[in-house]
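[1] Build me a structure from this.
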Amino acid sequence: MAENKPVIFRIKRQANPSDKPHWEEFELTWHKGMNIISSLMEIAANPVTREGKPTTPITYDSNCLEEVCGSCAMLINGKARMACSALVDKLEQPIRLEPFSKFPVVRDLAVDRSVLFENLKAVKAWVPVDGSYDLGAGPRISPEEQELAYPLSRCISCCCCMEACPQFNEDTGFVGAATIAQVRLFNSHPTGSALKRERLAALMGDGGIQECGYSQNCVEVCPKDIPLTRSISEVSGQVMKQAIGDLLHK
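    Modelled structure (predicted):
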């Protein structure tokens, strides 16, 4: 993009959860290396709309600025992605910024994504220990097992997969791909597998893995390239196997 060429942002704003949303446009001067978060910082330093009207800085979530914390996820030109790694030079103008549509709006671009953490608690997404600080050496994990587990451990809880999923909505209560991938991760751990039956049972109820329509939107938008569809397939097989086993043993 040429020097001094303006960059236009069209941002969806909402003062509070009950307020009606509206749009405001902002214009910044292009400079090398601009991304969405740095642009929002510039707007915060001089919160004046494109029409010259003073306004308030845009509210958004961000922290690490290097695609690790997952907090700055939003809709950028209609696509769920991370704002810190979205480069202005690679985006069509005007650049349209919106909050995620499937999560309660807190203010402007900030949303409440606590549903993910409730889902993770429901499937016991942790490795259980007995509370002792001196348990000795843990079970050995082969390099092959480590290589399978590492991509699953890269989840940053950004919720992009849930936003892009057509099955994640109020009607289904679907837990989403991120939660299912974490079930696969912790079930594959020698210590974590102690809760395997409970995790799989949690995915048999309302909003469980049967709600997945396998649209594969999740794996397309995941910023960390997590094998989400493979995880859904594998965990689905485990759920089915356990359900049939439970039925036969009644």
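[2] Who are the contact partners of the residue nearest the centre of the chain?
    Centre of the chain computed as the mean C-alpha position; nearest residue by Cα atoms, centre = their mean is residue 159, 1.8 Å away. Applying Cβ atoms under 8 Å, 6 or more residues apart in numbering to residue 159 gives the contacts 70, 73, 80, 100, 103, 113, 116, 176, 178. Heads up, the C-betas are built off the backbone N, CA and C, glycines and all.
[3] Do you know the pLDDT at it?
    Looking at residue 159, its pLDDT stands at 98.
[4] quick one: it from residue 83, how far?
    Distance of residue 159 to residue 83, computed by Cβ to Cβ, to the nearest Å: 13 Å.
[5] overlap in contacts of these two?
    Common contacts of residue 159 and residue 83 (Cβ under 8 Å, 6+ apart): residue 73.
[6] Show me where this structure dips below the pLDDT cut-off.
    Within the chain, the stretches with pLDDT under 70 are 1-3, 131-133.
[7] And the strands in this protein?
    Secondary structure of the chain (DSSP state E): strands at 6-13, 22-29, 73-76, 79-82, 95-98, 105-107, 110-111.
[8] max-length helix in this structure?
    For the chain, the helix that runs over the most residues, judged by DSSP state H, is helix 228-248.
[9] Could you list every helix and strand in contact with that helix?
    helix 177-187, helix 196-202, helix 217-221 (3 or more Cβ pairs under 8 Å, 6 or more residues apart in numbering; DSSP states H and E).
[10] Dump the first one to CSV, restricted to CA.
    Provided in CSV are the C-alpha atoms of helix 177-187 (Å, rounded to 0.1, in the frame of the first residue of the first chain):
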residue,chain,number,x,y,z
ALA,A,177,-14.6,-28.4,18.7
ALA,A,178,-12.1,-26.9,21.2
THR,A,179,-13.7,-28.8,24.1
ILE,A,180,-13.8,-32.0,22.2
ALA,A,181,-10.1,-31.7,21.2
GLN,A,182,-9.2,-31.1,24.9
VAL,A,183,-11.1,-34.3,25.8
ARG,A,184,-8.9,-36.1,23.3
LEU,A,185,-5.7,-34.5,24.7
PHE,A,186,-6.4,-35.4,28.3
ASN,A,187,-7.8,-38.9,27.6
